[in-house]
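[1] this one's sequence-less:
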Ligand code: MG
């Protein structure tokens, strides 16, 4: 459908450290494989997505969420005729900069950094991981990913003007990323909205009727499911409704993106870059459904007492450990003490904590400070 807008791998701006080509994998395929083999990718398994592990082994963690995003993004890229290797590499990398304890972790690290006139941003942290922290190659630091993959990572959820983020000025500020990169944010949104509904249903904090009341599109789907499967269990009916909901959101991105590309008269991949807005997007109907889902999830899940308590506890512990290492830099692992000679101390502490999994954070907290006041189950 949009194969004429596909980013041609032969036009990549390449790697920071030139490398010989591979006999049968192109640069984007190699990037995808490098992400999968990185330590940061494996740590996703032990990072909370929304629901902390402990209550159930069936909740998404950040790794299974990433696989769902990748599956949706590759479907989108395949149908639209875009480069599915570039899409997959970006989908697999999209969350590797996330700190422990999901958004609570990100929020608290940002608060701590603000005390020093600085900030924490998981997309820029991901860039630091793939450009510096991963140590696997003798010739260069990081994974030496292609320009387009790194650009897509820093432009995951927003574009920026020249000078707006000095650390990102190398990545064509003022221009849009390739269409493949634009799909990731939308695939992410479809994946987390629908998966969070599923996990909330499993946690017993909402049911299909709640969703039907809040999301008109789901109501229509669910009425048809009830009529077709009157004898099915609640769980079966819930899933019979969830699948068409995912389908309709994915179709909404396909139709929305094709129609915006047509309206913009985009003819080549470079028109995608120079167009003043992103061309990938939902149809207005799918956008309304996505907004309704978000509203419901905020009211019933993200801002619920169940998650709120967990969030405040996690934020308090991150704040405490951050201050602890600011006061005791000699307790940081040796490599961090070394980087502390060139970097501001708050940045070093932030990098150390941001790289932790939930479990590793708790171990370090306990070793340094002692058992948390309210022990987790
Ligand atoms: Mg995500």
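    In hand now; what should we look at? Computed from a predicted structure; not experimentally measured.

[2] pLDDT weak spots in the stretch 101-250 of the chain?
    Along the stretch 101-250 of the chain, no part satisfies pLDDT under 70.

[3] What sits closest to residue 211 if chain neighbours are left out?
    Excluding the flanking residues, the one nearest residue 211 by Cβ to Cβ, 6 or more residues apart in numbering is residue 218, at 5.0 Å. Placement of C-beta: from N, CA and C, glycine included.

[4] List the buried residues of the helix or strand harbouring residue 248.
    Using DSSP states H and E, residue 248 falls within helix 234-263. Within helix 234-263, the residues that count as buried by 16 or more other Cβ atoms under 10 Å are 237-238, 240-242, 244-246, 248-258, 260-261.

[5] so how far is the helix or strand following it from its chain's centroid?
    Using DSSP H and E, the helix or strand that follows helix 234-263 towards the C-terminus is helix 269-274. Relative to its chain's centre, helix 269-274 lies at 24 Å (Cα atoms, centre = their mean, to the nearest Å).

[6] do the same with stretch 119-129
    From the chain centre to the centre of stretch 119-129 is a distance of 12 Å (Cα atoms, centre = their mean).

[7] what about it, near the ion?
    No. Taking Cβ under 5 Å from the ion as the criterion, stretch 119-129 and the ion are apart, separated by no less than 9.4 Å.

[8] Go through that stretch and flag the buried ones.
    Buried residues in stretch 119-129 (16+ other Cβ under 10 Å): 120-129.

[9] residues in contact with that stretch?
    For stretch 119-129, contacts defined as Cβ atoms under 8 Å, 6 or more residues apart in numbering pick out 38, 40, 93-99, 106, 109-110, 112-113, 142, 150, 153-157, 165, 167-168, 350-351, 354-355.

[10] Among these, which lie within helices?
    40, 93, 106, 109-110, 112-113, 150, 153-154, 350-351, 354 (DSSP state H).

[11] Out of those, grab the one that's most surrounded.
    Compared across the ones in helices among the contacts of stretch 119-129, residue 93 has the highest neighbour count, 31 neighbours, by other Cβ atoms under 10 Å.

[12] Can you tell me how far the spatially closest residue to residue 251 that is not a sequence neighbour is from the ion?
    Spatially, and ignoring its direct neighbours in sequence, residue 251 is nearest to residue 286 (7.5 Å; Cβ to Cβ, 6+ apart). Per Cβ to the ion, to the nearest Å, residue 286 is found 19 Å from the ion.

[13] Tell me how many other residues crowd residue 286.
    Counted with other Cβ under 10 Å, the neighbours of residue 286 add up to 22.

[14] filter the contacts of stretch 119-129 down to the ones close to the ion.
    Okay, of those touching the ion (Cβ under 5 Å from the ion), that's residue 95.

[15] Can you list the neighbours in contact with stretch 298-312?
    Residues contacting stretch 298-312 (Cβ under 8 Å, 6+ apart): 50-52, 101, 103-104, 196, 200, 203, 205-206, 210.

[16] and if you look at stretch 5-18?
    By Cβ under 8 Å, 6+ apart, stretch 5-18 touches 26-28, 81-83, 85-86, 131, 139-140, 144-148, 178-180, 261, 266, 268-269, 271-272, 279.
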